[in-house]
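This is the structure alone, sequence omitted:
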């Protein structure tokens, strides 16, 4: 499951909305919405994210969170280190090989480092 898919599922559950009802309301198939929630589809388009934001009638921080999570939710990401330092290439390769062995505390710590470098607030939850 992707971060975006988990958030959409959380919003649906909190509002008691079925996957089928939401899919019909935003103009996608139930199968597509299910695949999006489970990380079997790429990151959603900006247009689809806006339809989801409108569907849930969320504003400000929660809408920005959905947009950010959508950007961070491609389950098959490719990291291009061409032109970067050898250490950057080493980091990308090691992360690709070992990400499955990292626990949630280690992942949270790495995300906190990246969030601090980007100057943004860490994600909630």
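Nice, I can see it. Keep in mind that what you see is a predicted model, and the values were worked out from it rather than measured. Numbering: from 1, shown residues only.

What is the distance between the strand or helix carrying residue 95 and the centre of its chain?
For residue 95, the host element (DSSP states H and E) is helix 86-98. Counting by CA atoms, centre = their mean, to the nearest Å, helix 86-98 is centred 21 Å from the centre of its parent chain.

for the next helix or strand after it, the distance to its chain's centre please.
Remark: after helix 86-98, the chain's next helix or strand is helix 104-118, criterion DSSP H and E. Centre-to-centre, helix 104-118 and its host chain are 15 Å apart (CA atoms, centre = their mean).

Stretch 26-39 too?
That offset, for stretch 26-39, works out to 14 Å (CA atoms, centre = their mean).

What are the phi and psi values at residue 45?
Main-chain torsions, residue 45, degrees, to the nearest 10: phi -70, psi 160.

Can you tell me what sits against whichever strand or helix holds residue 14?
Assigned by DSSP H and E, residue 14 belongs to helix 3-15. With contacts defined as CB atoms under 8 Å, 6 or more residues apart in numbering, helix 3-15 is touched by 1, 17-19, 22, 33, 36-39, 43-44, 49, 52, 56, 58, 65-66, 69-70, 72-73, 123. All C-beta spots, glycine's among them, are computed from the backbone N, C-alpha and C.

Many thanks, I have nothing further to ask.
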